[in-house]
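Asks: quick one, fold the following:
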Amino acid sequence: MEAPRIRLGSDDVWLELARTGDDCWQGTADWCAWLTADFTADLSAAEVVDFAARMLSHLRVPSGGRFSLAVTPGRNNPLTLKAEPVGDGFAFFVRLTPNGDDDVCHLQMEIDPIATFELREAFSALHAALVV
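Replies: Got it, this is the predicted structure:
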């Protein structure tokens with residue numbers, strides 16, 4: 001069985017969050033192979049389930065407005081997605097903070113619009129893979 005993961009973006013610009021152990025996740029991002037990030041994040045399955053559920057609540061009944069979601073609510077947050085409505089989907093401004101330290105290195109990038117139905121499918125699959 002494949003490890004739970006989600007990948008957003010295109011072949012050129014993408015973000016992936018994949019479970020590599022019980023409370024261990026790998027955050028990987030790539031922008032045209034010029035700018036990359038790859039780091040380990042300590043996240044519980046419950047934190048990722050909650051993140052996926054919160055994202056799905058925005059995607060099931062889209063308000064037409066922008067929104068922002070962080071994987072975890074504290075300063076120990078490795079990933080924040082800011083969603084901007086574009087057409088029938090959302091473009092994302094991604095902020096990755098390895099080690100959860102806002103003052104150290106971080107990566108910010110934009111992901112082109114993704115159709116809402118594709119986002120719902122991706123986050124539903126992640127949620128289902130973690131809820132047993």
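
Asks: only C-alpha atoms for contact and neighbour calcs from this point on.
Replies: Will do.

Asks: now do the worst-scoring helix or strand of the chain on mean pLDDT: everything it contacts.
Replies: Least confident element among the helices and strands of the chain, by mean pLDDT, DSSP states H and E: strand 35-42 (a mean of 85). Identification of contacts with strand 35-42 by C-alpha atoms under 8 Å, 6 or more residues apart in numbering yields 23-30, 78, 98-99, 107.

Asks: now those: which count as buried?
Replies: 25-30, 78, 98-99 (16 or more other C-alpha atoms under 10 Å).

Asks: would TSV of the contacts of strand 35-42 with distance to residue 115, pLDDT and secondary structure be doable?
Replies: Formatted as TSV, the contacts of strand 35-42 follow (distance: C-alpha to C-alpha, whole Å; pLDDT from 0 to 100; DSSP: H, G, I helix; E, B strand; the rest coil):
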residue	distance to residue 115	pLDDT	secondary structure
23	30	88	coil
24	29	91	strand
25	26	92	strand
26	25	91	strand
27	22	88	strand
28	22	90	strand
29	20	91	strand
30	20	91	strand
78	24	83	coil
98	28	72	helix
99	31	63	helix
107	24	79	strand
